[in-house]
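Trainee: I need the structure of the sequence given here:
(one chain, ligands or ions: 1)
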Amino acid sequence: MTRVLVLNCGSSSLKYRLFDGADTVAKGLVERIGESGGDAADHLTALQRIMAETDLDGLSAVGHRVVHGGPEFTAATVIDDGVVERIEALIPLAPLHQPAALSGIAVARKLLPAVPQVAVFDTAFHATIPPEGYTWAIDADLAERWQIRRYGFHGTSHAYVARRTAEVLGRPPAETNVITLHLGNGASACAVEGGRSVATSMGLSPLDGLVMGTRSGAIDPTVIFHLHRVAGLPLDEIETSLTRHGGLLGLTGENDLRAVLSRRAHGDAKATLAFDVYTRRIREYVGSYLAVLGRVDAITFTAGVGENSAVVRAASLAGLEPLGIAVDPERNEAAAAIISPDGTRTAVCVVPTDEELEIADQSRAALGLSRP
Ligand code: ADP
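Mentor: Model prediction:
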């Protein structure tokens, strides 16, 4: 049997999907955990509920999405007590996300003690970024002591989408260079060289890089000193401002891109500026990764915005024809797998991501199982 249960634990939610091979046989979301009127009191009762409603017979693995793998977890890892301790040690690097994943691991080990558990890290795919790509030019002793470097996130999505892009192009993944653009509520870009990540836009945390629903993306760090010293804001408030009240929300009051697009269509100035900032930032990263990769076979859009918004795809790559990059309006509108005109040097693709399937496959692979 190769049935795999994938768990994605947030601080107040538990998302699950049960796979049989590549088929989804059950899925759902337990929400507002621990809140009054929520679906469950804690992660333990949430998983008990899922187990009561779902036939988990013949389960060969539980795959856990873990946000931060730090410098040491460079691949999906079978969980034992030592691994749990090492994931716990990474809490300071991801204080907002890591505790929830650990709670999911603890309750799954307790309720499904006979089933192997695997941790699949958002950071692991980026372990192949070379030192010159992950090192910031700050005091080297401080960086080493506090594990400060670019880690990158959305790794399961970038890995899956880059591989699928090679399939779409009919090329071997090991010989295909792709710039993947994961544009969801969170957003990141990745340069993938022959199936390996060599650059990505998120950093120590998922705050860096592209403009997101509520996160600022890259800013000059001096903004933080200025808000602290001159505006007198405490550090926690600045963090909340940049991570939860920034991005599209900060610029327009809306974090959902659909609302921004509809206001822009009615001529709203803030929404127009936000759209221009959002798409220009994508173009800046595309340009940067063209220079990192040299030869780029495809640029691929994925996730909620990337898969659904033709206008974002077109604006993000506008004006790049001299670089051999173009979008065919009809193919783009239809969200075809390849939306560039025939004969361009770099294909432009739309590939739906499937992070849970990738987590299931990586969990099986970590246990030496293959998908039937
Ligand atoms: P998450 O990162 O939470 O998994 P998704 O990948 O589902 O999020 O992406 C959510 C984003 O996708 C939202 O900003 C939403 O506005 C955007 N989105 C979804 N459908 C469309 C659409 N048809 N056009 C434009 N944006 C869309």
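Trainee: Name the residues of stretch 183-198 that are buried.
Mentor: 183-198 (16 or more other C-beta atoms under 10 Å). Backbone N, C-alpha and C define where each C-beta goes, glycine included.
Trainee: Farthest pair within the residues you listed?
Mentor: The largest separation in these, counting by C-beta to C-beta, is between 185 and 194 at 29.6 Å.
Trainee: How about the contacts made by residue 187?
Mentor: 181, 209-212, 217, 303, 305 (C-beta atoms under 8 Å, 6 or more residues apart in numbering).
Trainee: what do you get for residue 35?
Mentor: Counted by C-beta under 8 Å, 6+ apart, residue 35 has contacts residue 12.
Trainee: can you tell me how far residue 229 sits from residue 366?
Mentor: 47 Å (C-beta to C-beta, to the nearest Å).
Trainee: Which one of these two is surrounded by more residues?
Mentor: residue 366 (19 against 9; other C-beta atoms under 10 Å).
Trainee: List phi and psi for that one.
Mentor: phi -60, psi -30 (degrees, to the nearest 10).
Trainee: same thing with residue 283?
Mentor: phi -60, psi -40.
Trainee: Same check on residue 63?
Mentor: Residue torsions, per degrees, to the nearest 10, at residue 63 are phi -100, psi 120.
Trainee: contacting residues for the residue nearest to the spatial centre of the chain?
Mentor: What sits nearest the mean C-alpha location of the chain, by C-alpha atoms, centre = their mean, is residue 154, with 2.3 Å. Each residue near residue 154 by C-beta under 8 Å, 6+ apart is listed here: 122, 182, 186, 188, 190, 200, 202, 206.
Trainee: Filter those down to the ones in helices?
Mentor: Here DSSP state H is the test, and those give no hits in helices at all.
Trainee: Run a quick neighbour tally on residue 88.
Mentor: 12.
Trainee: I figured it hits residue 101, correct?
Mentor: No: with contact defined as C-beta atoms under 8 Å, residue 88 does not count as touching residue 101 (10.3 Å).
Trainee: tally of neighbours for the residue in the stretch 201-350 of the chain that the ligand sits nearest to?
Mentor: Nearest to the ligand, among the residues of the stretch 201-350 of the chain, is residue 304, at 2.0 Å (C-beta to the nearest ligand atom). Neighbourhood size, residue 304 [other C-beta under 10 Å]: 17.
Trainee: so where does residue 288 fall, helix or strand?
Mentor: helix 269-293 (DSSP states H and E).
Trainee: And the contacts of the helix or strand following that helix?
Mentor: In the C-terminal direction, the helix or strand that comes right after helix 269-293 (DSSP H and E) is strand 298-302. Outside strand 298-302, the residues within contact range by C-beta under 8 Å, 6+ apart are 157, 161-162, 165, 168-169, 176-183, 286, 306-307, 313, 316-317, 325, 346-353.
Trainee: Per-residue pLDDT of the residue in the stretch 101-250 of the chain that the ligand sits nearest to, please?
Mentor: In the stretch 101-250 of the chain, the residue that lies nearest the ligand is residue 184 (2.6 Å; C-beta to the nearest ligand atom). With respect to pLDDT, residue 184 has a value of 96.
Trainee: Just give the closest residue to it, not the sequence neighbours.
Mentor: Nearest residue to residue 184 in three dimensions, chain neighbours excluded: residue 303, at 3.6 Å (C-beta to C-beta, 6 or more residues apart in numbering).
Trainee: I figured the one you found hits residue 189, correct?
Mentor: No: contact status for residue 303 versus residue 189: not in contact, 11.6 Å apart, counting by C-beta under 8 Å.
Trainee: Overlap of the contact sets of these two?
Mentor: Joint contacts of residue 303 and residue 189 (C-beta under 8 Å, 6+ apart) are residue 182.
Trainee: Let me know the outermost residue of the chain.
Mentor: The chain, C-alpha atoms, centre = their mean, max distance from centroid: residue 230 (34.0 Å).
Trainee: average pLDDT for stretch 364-372?
Mentor: 88.
Trainee: Just the CA trace of it, in PDB.
Mentor: Extracted in PDB, the C-alpha atoms of stretch 364-372 (Å, rounded to 0.1, in the frame of the first residue of the first chain):
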ATOM      1  CA  ARG A 364       7.200   8.000  -0.100                       C
ATOM      2  CA  ALA A 365      10.600   8.600  -1.500                       C
ATOM      3  CA  ALA A 366      12.100   9.200   1.900                       C
ATOM      4  CA  LEU A 367      10.800   5.800   3.000                       C
ATOM      5  CA  GLY A 368      12.100   4.100  -0.200                       C
ATOM      6  CA  LEU A 369       8.500   3.600  -1.500                       C
ATOM      7  CA  SER A 370       7.500   4.600  -5.000                       C
ATOM      8  CA  ARG A 371       4.200   5.900  -6.300                       C
ATOM      9  CA  PRO A 372       2.300   3.100  -8.100                       C
END
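Trainee: for that stretch, which positions count as buried?
Mentor: Neighbour-count burial for stretch 364-372 [16+ other C-beta under 10 Å]: 364, 366-367, 369.
Trainee: Mind listing residues that contact that stretch?
Mentor: By C-beta under 8 Å, 6+ apart, stretch 364-372 touches 2, 4, 21-22, 60-61, 75-78, 116, 118, 360-361.
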